[in-house]
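> Here is my input, please return the structure:
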Amino acid sequence: MGRRKIEIKMVKDSSSRQVTFSKRRTGLFKKANELATLCAVQVAIVVFSPGGKPYSFGHPSVEAVTERFLNQAGKPKVSIPGQVVEQSQQDVKVGKLNRQLNTMLKRLQAKTKQGEVLREAVRASCQELTHQKPVNELNRDELLEMKESMEKLREKIKGRVSEIEASSSLLLLSNIAVKQA
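Below is the predicted model:
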């Protein structure tokens, strides 16, 4: 369809309205990010979707901008022993530290989940092994059952390996983004 001028009025169809909202929200947040980057300003935007779900964008964060707005202190100075730092510089440092904290929390959550899955797999394997006779004493049906349970365990492990690889890829991408920030 391409770009064309449209009449600015409410979109009647609810699904079209949702699509329009999503596209325009993305564009609005992109423009706000560009404004913050190009002009070194603090920006906060909060919008609610037609379904009532809130979306927000803030640079350095929505909380920092709203706090500054509510306090109306302009550009306060923060005193640090031996030096004075402007609030905007402090906000940038806090934003960077928040991103690093979020990255570390995601890593911790992934490792915790990985540990739980491994513990469960070991527990299940131990239960199966303690209730089983030696393999050479199993009959055909028991061997088939054992084969099936081992295949299920293999599939669980494959799925978990895929999850771990995906989360490590996301963490790697977030680390690159944090280092570039």
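> helix, strand or coil for R4?
Under the three-state scheme (DSSP: H, G, I helix; E, B strand; the rest coil), the conformation of R4 reads as coil.
> Pull up the gap between it and T20, please.
From R4 over to T20 the distance is 14 Å, taken as CB to CB, to the nearest Å. To be clear about C-beta, it is placed using only N, CA and C from the backbone, and glycine gets the same treatment.
> In terms of neighbours, single out the busier of those two.
Neighbours per residue (other CB atoms under 10 Å) separate R4 from T20, with T20 holding more: 15 against 5.
> Checking the closest residue to that one other than its chain neighbours next. Helix, strand or coil?
On the basis of CB to CB, 6 or more residues apart in numbering, the spatially nearest residue to T20 that is not a chain neighbour turns out to be V11, at 5.3 Å. In the three-state summary, V11 is assigned as coil, counting by three-state DSSP.
> V11 and F21: what is the separation?
9 Å.
> Compare these two (neighbour count), which wins?
Neighbours per residue (other CB under 10 Å) separate V11 from F21, with F21 holding more: 18 against 14.
> In what element of secondary structure is that one found?
Using DSSP states H and E, F21 sits within helix 14-39.
> next one: that helix to chain centre, how far?
Relative to the centre of its chain, helix 14-39 is centred 19 Å away, using CA atoms, centre = their mean, to the nearest Å.
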